[in-house]
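K.L.:
here is a sequence with its predicted model. Questions after.
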Amino acid sequence: MLQNCLLKDFESINPLKISINKQEQLLSFDGILHRHDGVLLLELETNPVKQNSNFFSFYHQTKSSIDQIQRASTLEQMSQVVVEEIRKVTGFDRVMIYRFDPQGAGVVTAEDKEDRLNSWLGLHYPAFDIPLEARELFILNPLRFIPDVEQLPTPLVPLTNPLTQRSLDLGKAILRSASFCHLEYLQNMGVKASMTISLIRDRQLWGLIACHHYSSSKHLTYEARTICEFLGQIMSLELGTKADYEDREYKIKLQSLQPEFVQCLTQADNLLTGLVQSSSNLLQLVSASGVAICWNNELTLIGQTPQLASVQALLTWLEPQISNHIFQTHELPKLYPPAASFQASASGVLALAISQNRKSYILWFRPEVTQTVNWSGDPQQNATSGGSEVRLSPRKSFELWQEIVRSTALPWKACELEAVADLRSVIVGVVLRQADELARINVELERTNDELDAFAYIASHDLKEPLRGIHNYSSFLIEDYADLLNEEGVAKLQTLMRLTQRMEDLINSLLHFSRLGRIELLLKDTDLNQIISQVESVVKISQPDTPIAIHLPRSLPTIYCDPVQVNELFTNLISNAIKYNDQPEKQVEIGYLTGAELLKQNPFCEISSAVLVLYVRDNGIGIREKHLDSIFRIFKRLHGQAHYGGGTGVGLTISKKIVERHGGKIWVESTYGLGSTFYFTLAG
């Protein structure tokens, strides 16, 4: 008979009903077959009870249980149904659901028992009660039955497989003995027989159905155990559905916030403004009490949060901790000790990285929630001292032990993490749409600028001819008709000639400015020390009687740029530093700083720490604060034509154009009456 079964699926034939005559006595067994490591194992389990084990018997015993499990609307209701149904099938004194938390500790979430027994519902058990190795075995073998915890184990004969010379792996065997540590643990609890059924969710051990019998040993048929294992599998399948159902209304609420975010973010002037305007929705999104928005290094705090400096330090710690754009913990002080100083407002933190390169994050905070946890015995007592050795041993005390848990917040739910991930998608989508719109606008602006440059060039060129004619005819009139004109007439013609000369200077400046946008940059490695030497020579030759001191605190670097345009840039800035200066000695300092050095001087400067910043500093007249935003406008002069040597007011506009064509930026810091410093970068 056994040979006929070898080619079949053992799950479909187990258990085999086997009878053996021994000394004229008929012994009945359940034969259970399985293969492992090339070995066929047959276990013979005594079964004195005659049972009808056909499909319809199994169907009728499980149908009602399955219906009740599926009708249960919550995880709590389903758990209670399962423990009651399994206790009906098995007759154990106590059946309970034991759920693991992320740290491996367990808590009893459902229970059905004899009235005489104390309830263990809500009791917590430390992680070392069921070590990691044991939990891995529960995944491998979903049902473990110990009919008699005092049964002495019987050694295998032989101890090793004579064909493979290896010990026989009994990991999936029904009749294998349990470890001495586990048996002692059960005996300490007063348990005579036990059975555990694994509850698996997403291929992880979610919990156990634990069955205890106290009055005597207990035998369960293969059929009864199969029903229990089947109910455990049904509950495992329903775990996700029930958990999702419990949070269904909360999920619907969170999902309803997404369209509001999209509307607010798209209508706001910028994303930071949109997020701040959506602050109430941000808090509701994950039921947080406070939120911090870090956008391009600008930090905004909303609601109940730590102090600004504490959040900045926390962000520095968080950056390397973030994986897949999200970091979350409800026990922040345990991971980040400085958080103990603000645990009242932020024992829990949920961080979302929008862009780590641009330092853009959203941090949600939850306050400390003090909890009283009931443990079955002291969770710290997991070792027994034996001389100089310390060995793991089962606990002997299961008396109620209470712990006051501090520095923790309510855990973040999976649906909240999903909502945060969805929010990131919304923000990235808005950013991409804005980037597309900005790219379209930039293309249009580039076309318009090209047209304006072309127009300015053509208009400037064409205006010069009639203007030159006016100037020449005015000169002819003075030369040829001076005798016929009185002094007033001659003065008016001379004024006309000065105005035409002034107009020509302006047109030449405009022509030069428009040409800057049309000339291709000729970039190459350029030693700035040579550029400054050339500029200094020209400036001192043009003003031989003016005391000028040009100083370089340190040698300037070599950069990749257009040397002709950069020469003009320094010429304009140094010339202005000398022109707008009423000191006896006109001092000009030319140097550079790294972005990091500049940020130390001015933490609010919007510059990258890796950028090289050049500067031209003078001891001149300075600029009033109200004019700082307008000095780069074309033809903008802060003084009359007759003051400080005149000029067209185009020099700084051209300087700004040169900097921008190199992909950089220029700005000024000035103290009126003491001098000015022009900073600029040349990213090209």
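P.N.:
Structure's in. What do you need? Numbering: from 1, shown residues only.

K.L.:
from here on, contacts and neighbour counts on C-alpha atoms
P.N.:
Fine.

K.L.:
which SS class is residue 522?
P.N.:
What DSSP: H, G, I helix; E, B strand; the rest coil gives for residue 522 is coil.

K.L.:
that one: neighbouring residues, count only.
P.N.:
Counted by other Cα atoms under 10 Å, the residues lying close to residue 522 total 11.

K.L.:
nearest residue to it in space, please, no chain neighbours.
P.N.:
Of all residues not flanking residue 522 in the chain, residue 562 sits nearest, at 5.1 Å (Cα to Cα, 6 or more residues apart in numbering).

K.L.:
and that neighbour, how many neighbours?
P.N.:
Using other Cα under 10 Å, residue 562 has 19 neighbouring residues.

K.L.:
does it touch residue 527 like I think?
P.N.:
No - using Cα atoms under 8 Å, residue 562 is not in contact with residue 527; the gap is 11.1 Å.

K.L.:
now do the residue nearest to residue 522 against residue 529, distance only.
P.N.:
15 Å (Cα to Cα, to the nearest Å).

K.L.:
before we move on, what about residue 196?
P.N.:
Distance from residue 196 to residue 529, by Cα to Cα: 81 Å.

K.L.:
count of residues packed around residue 37?
P.N.:
Neighbour count of residue 37, defined by other Cα under 10 Å: 8.

K.L.:
what of residue 79?
P.N.:
So residue 79, with other Cα under 10 Å, has 21 neighbours.

K.L.:
got the phi and psi for it?
P.N.:
The phi/psi pair for residue 79 (degrees, to the nearest 10) reads phi -60, psi -40.

K.L.:
make 57 the first number, not 1, from now on.
P.N.:
Renumbered: residue one is now 57, and that last one reads residue 135.

K.L.:
how about the nearest residue to it, chain neighbours excluded?
P.N.:
Residue nearest to residue 135 in three dimensions, not counting chain neighbours: residue 166, with 5.8 Å by Cα to Cα, 6+ apart.

K.L.:
tell me the pLDDT at the one you found?
P.N.:
We have a pLDDT of 93 for residue 166.

K.L.:
mind listing the strands the helix or strand where it lies pairs with, and their directions?
P.N.:
Following DSSP states H and E, one finds residue 166 within strand 162-169. Sheet pairing here is set by DSSP bridges, and for strand 162-169 it gives strand 150-156 (antiparallel), strand 180-181 (antiparallel).

K.L.:
thinking again about what came up before, so who does the residue nearest to residue 135 touch?
P.N.:
Taking Cα atoms under 8 Å, 6 or more residues apart in numbering, we find residue 166 in contact with 132, 135, 136, 139, 152, 153, 154, 177.

K.L.:
of these, closest to residue 87?
P.N.:
Proximity of those to residue 87 was ranked by Cα to Cα; the top entry is residue 139 with 28.3 Å.

K.L.:
so where do the strands sit in the stretch 507-656 of the chain?
P.N.:
Counting by DSSP state E, counting those that start in this stretch, the stretch 507-656 of the chain has strands at residues 580-583, 604-607, 614-617, 642-650.

K.L.:
so residue 324 is in contact with residue 330, correct?
P.N.:
Yes - using Cα under 8 Å, residue 324 is in contact with residue 330, at 5.0 Å.

K.L.:
so between these two, which is more surrounded?
P.N.:
Just comparing residue 324 and residue 330: by other Cα under 10 Å the higher neighbour count belongs to residue 330, 18 against 14.

K.L.:
residues contacting the more buried one?
P.N.:
320, 321, 322, 323, 324.

K.L.:
now the buried members of those residues.
P.N.:
320, 321, 322 (16 or more other Cα atoms under 10 Å).

K.L.:
could I get the contacting residues of the closest residue to the last one other than its chain neighbours?
P.N.:
In other words, residue 322. In this structure, residue 322 finds its nearest non-sequential neighbour in residue 486, 6.6 Å apart by Cα to Cα, 6+ apart. When contacts are counted by Cα under 8 Å, 6+ apart, residue 486 is found next to 318, 321, 322.

K.L.:
what helix or strand is residue 486 on?
P.N.:
Assigned by DSSP H and E, residue 486 falls within helix 470-537.

K.L.:
what does residue 251 give?
P.N.:
Using DSSP H and E, residue 251 sits in strand 249-257.

K.L.:
what's in contact with that strand?
P.N.:
Here strand 249-257 makes contact (Cα under 8 Å, 6+ apart) with 194-195, 197-205, 261-270, 272-274, 284-285, 288-289, 291-293, 295-296.

K.L.:
that strand: partners in the sheet, and parallel or antiparallel?
P.N.:
Strand 249-257 pairs in its sheet with strand 199-202 (antiparallel), strand 260-269 (antiparallel), by DSSP bridges.

K.L.:
in a markdown table: the ones you listed, plus mean neighbour count.
P.N.:
Shown next, in a markdown table, are the strands paired with strand 249-257 (neighbours: other Cα atoms under 10 Å):
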| stretch | mean neighbour count |
| --- | --- |
| strand 199-202 | 22 |
| strand 260-269 | 22 |
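
K.L.:
Throw those strands into a markdown table and include distance to residue 236 and mean pLDDT, thanks.
P.N.:
Output for those, formatted as a markdown table (distance: least, Cα to Cα, whole Å; pLDDT from 0 to 100):
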| stretch | distance to residue 236 | mean pLDDT |
| --- | --- | --- |
| strand 199-202 | 12 | 91 |
| strand 260-269 | 17 | 93 |
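
K.L.:
can those strands go into TSV with extra columns for distance to residue 411?
P.N.:
Conversion of those to TSV gives the following (distance: least, Cα to Cα, whole Å):
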stretch	distance to residue 411
strand 199-202	47
strand 260-269	32
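
K.L.:
among these, which comes closest to residue 380?
P.N.:
Closest to residue 380 of these is strand 260-269 (Cα to Cα; 20.9 Å).

K.L.:
helices of the stretch 557-706 of the chain, residue ranges please.
P.N.:
With DSSP state H, counting those that start in this stretch, the ranges of helices along the stretch 557-706 of the chain come out as 584-598, 619-635, 651-657.

K.L.:
please identify the deepest-packed of the ones you listed.
P.N.:
Neighbour counts (mean count of other Cα atoms under 10 Å) averaged over each of the helices of the stretch 557-706 of the chain peak at helix 619-635, with a mean of 19.

K.L.:
so that helix versus helix 584-598, what angle?
P.N.:
Counting by axes from the mean of the first three to the mean of the last three Cα atoms, to 10 degrees, helix 619-635 lies at 50 degrees to helix 584-598.

K.L.:
which helices and strands does helix 619-635 pack with?
P.N.:
Packing contacts for helix 619-635, counted by 3 or more Cα pairs under 8 Å, 6 or more residues apart in numbering; DSSP states H and E, involve helix 584-598, strand 642-650, strand 668-674, helix 707-717.

K.L.:
which other helices and strands contact the third one?
P.N.:
Counting contacts by 3+ Cα pairs under 8 Å, 6+ apart, strand 668-674 is packed against helix 619-635, strand 642-650, helix 651-657, strand 731-736.

K.L.:
looking at the ones you listed, which is nearest to residue 681?
P.N.:
The minimum distance between residue 681 and the helices and strands packed on strand 668-674 falls on strand 731-736, with 11.1 Å, by Cα to Cα.

K.L.:
may I have the strands that pair with the closest one, each with its orientation?
P.N.:
Strand 731-736 pairs in its sheet with strand 668-674 (antiparallel), strand 722-727 (antiparallel), by DSSP bridges.

K.L.:
so which elements touch the longest strand seen in the chain?
P.N.:
Determined from DSSP state E, the single longest strand within the chain is strand 81-92. Applying 3+ Cα pairs under 8 Å, 6+ apart, we find strand 81-92 packed against strand 72-78, strand 95-102.

K.L.:
hmm, 10 Å instead?
P.N.:
Secondary-structure packing of strand 81-92 (3 or more Cα pairs under 10 Å, 6 or more residues apart in numbering; DSSP states H and E): helix 58-61, helix 66-69, strand 72-78, strand 95-102, helix 278-302.

K.L.:
thanks a lot, catch you later.
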